[in-house]
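Peer 1: This is a predicted model, with the sequence first.
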Amino acid sequence: MPPSTRRSAARLVAMVLLVALVGGCAGQGDESTAAGQSATSTTVAPTTTTIAPMTAEELAWLKAIPKVRKKIDKSIQAIRNLTTSGSLMLANSYRSCSRELARGGSPSDRLEPVYVLVRKACKEYDKGAACFTTAARIGIPFAGSPEDRRRDKAFDCGFAAQGKGSTLLADAENKGAVIKAQIG
């Protein structure tokens, strides 16, 4: 059989299969669908959900975040000399993040994204507090000594923690403002 005859025969078989397939299914779709719908069809009323306004506790917790951040920033600006007592004051101020924000308790589920950021910020501040406590223990060593380098490293760690913690608290404030705006 020549190649053109084989192609023609293949086309004919394909056309017959297509017609049989379309013809065999014609008319069945409407009957079975209509019968199936009448047996299982029910009317469902749309549900509406209203979001409760923020509680006084939630609002108070959100207001505490910028207060803590400002308090810590203010304590850093108040330190004139990085003495032993100045280092201990900074360590105490940094620890106020966990202390004061824990006082308000855990916020509601809808404020969980804010709470996650606050916990991260307070962990950074706690690290910084440990660094400033280390610097206070070292005291004021001789310049260039190993203790002097350890103290400088502790100060760098403390101030780096302030930068990270402050940024995370600012992010938490912004996230809280967005949630508050969405809830109303």
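Peer 2: Received, thanks. What you are looking at is a predicted structure, and each value in this text was computed from that prediction instead of being measured.

Peer 1: Quick check, E58 in contact with P107.
Peer 2: Yes. At 6.2 Å, E58 counts as touching P107 under the criterion of CB atoms under 8 Å. C-beta coordinates here come from the backbone N, C-alpha and C atoms, glycine included.

Peer 1: residues in contact with the residue lying closest to G128 once chain neighbours are set aside?
Peer 2: Distances taken as CB to CB, 6 or more residues apart in numbering place A161 nearest to G128, at 2.8 Å, with adjacent residues excluded. Residues in contact with A161 (CB atoms under 8 Å, 6 or more residues apart in numbering) are 94, 124-125, 127-129, 131.

Peer 1: let's go with 6 Å and repeat that
Peer 2: By CB atoms under 6 Å, 6 or more residues apart in numbering, the contact list for A161 reads 124, 127-128.

Peer 1: K74: which of those residues is nearest?
Peer 2: Closest to K74 out of the contacts of A161 is G128 (15.4 Å), distances taken as CB to CB.

Peer 1: surely A121 meets G165?
Peer 2: Yes. The criterion here is CB atoms under 6 Å, and A121 meets it with G165 at 4.6 Å.

Peer 1: what ranges do the helices span in this structure?
Peer 2: Using DSSP state H, the helices of the chain run over 3-25, 28-40, 56-78, 84-103, 112-138, 146-183.

Peer 1: With mean pLDDT and distance to T50 as added columns, please give these in JSON lines.
Peer 2: Listed next are those as JSON lines, based on pLDDT from 0 to 100; distance: least, CB to CB, whole Å:
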{"stretch": "helix 3-25", "mean pLDDT": "45", "distance to T50": "48"}
{"stretch": "helix 28-40", "mean pLDDT": "50", "distance to T50": "31"}
{"stretch": "helix 56-78", "mean pLDDT": "91", "distance to T50": "17"}
{"stretch": "helix 84-103", "mean pLDDT": "91", "distance to T50": "29"}
{"stretch": "helix 112-138", "mean pLDDT": "95", "distance to T50": "20"}
{"stretch": "helix 146-183", "mean pLDDT": "94", "distance to T50": "11"}
